[in-house]
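Colleague: need a 3D model of the sequence below.
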Amino acid sequence: MTRFVKAVAAMGVAASVLWSSGAMAQLAPGPDASKQVHGRVVAIEQTRNMVTMLKLDNGVTLVLPGSSETAGMPVKAGDEVVANYVDNGGENLVTFLRVLEVPAP
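Modeller: Okay, here's the model as predicted:
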């Protein structure tokens with residue numbers, strides 16, 4: 001009986017170690033993790049299929065597909081923005097975009 005209890009306890013410990021390491025692996029950021037960028041829009045380019053490309057003053061180019069919720073936002077050159085994006089095959093695909101308000105002087 002004692003041998004059985006020790007075997008069950010050992011299996012429980014092994015299972016909890018395996019489970020916790022698997023759970024921790026899911027929390028680690030992967031290659032598709034979202035990144036954030038802050039910058040000023042220096043150029044805007046729209047294509048026929050309603051894709052908007054924003055070029056920022058820090059050299060980052062962001063892509064807003066026409067189907068995204070942010071595609072209709074009134075963004076113009078000179079606006080300061082904060083954006084979350086994911087790398088989608090070499091394109092920085094926007095997942096969130098916010099135009100920062102400039103306080104009135």
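Colleague: ok, which stretches of the chain are strands?
Modeller: Using DSSP state E, the strands of the chain run over residues 35-46, 52-56, 61-64, 80-88, 91-99.
Colleague: tell me what angle the first one forms with strand 80-88.
Modeller: In this case it means strand 35-46. If you take axes from the mean of the first three to the mean of the last three C-alpha atoms, to 10 degrees, strand 35-46 sits at 100 degrees to strand 80-88.
Colleague: what angle separates strand 35-46 from strand 91-99?
Modeller: Orientation check (the same axes, to 10 degrees): strand 35-46 against strand 91-99 gives 90 degrees.
Colleague: can you list the strands that strand 35-46 pairs with?
Modeller: When sheet partners are counted by DSSP bridges, strand 35-46 sits next to strand 52-56 (antiparallel), strand 80-88 (antiparallel).
Colleague: give the contact list for Val60.
Modeller: Val60 is in contact with Val37, Gly39, Asn92, counting by C-beta atoms under 8 Å, 6 or more residues apart in numbering. Any C-beta I mention is one placed from the backbone N, CA and C, and that applies to glycine too.
Colleague: ok, now how distant is it from Val94?
Modeller: Using C-beta to C-beta, to the nearest Å, Val60 is found at 11 Å from Val94.
Colleague: please apply the same query to Asn84.
Modeller: Counting by C-beta to C-beta, the gap from Asn84 to Val94 is 7 Å.
Colleague: which one of the two has more residues nearby?
Modeller: Val94 (23 against 15; other C-beta atoms under 10 Å).
Colleague: does the more buried one touch Leu56 like I think?
Modeller: No. The criterion here is C-beta atoms under 8 Å, and Val94 misses it with Leu56 at 11.5 Å.
Colleague: shared neighbours of the two, anything?
Modeller: Common neighbours of Val94 and Leu56, counting by C-beta under 8 Å, 6+ apart, are Leu62.
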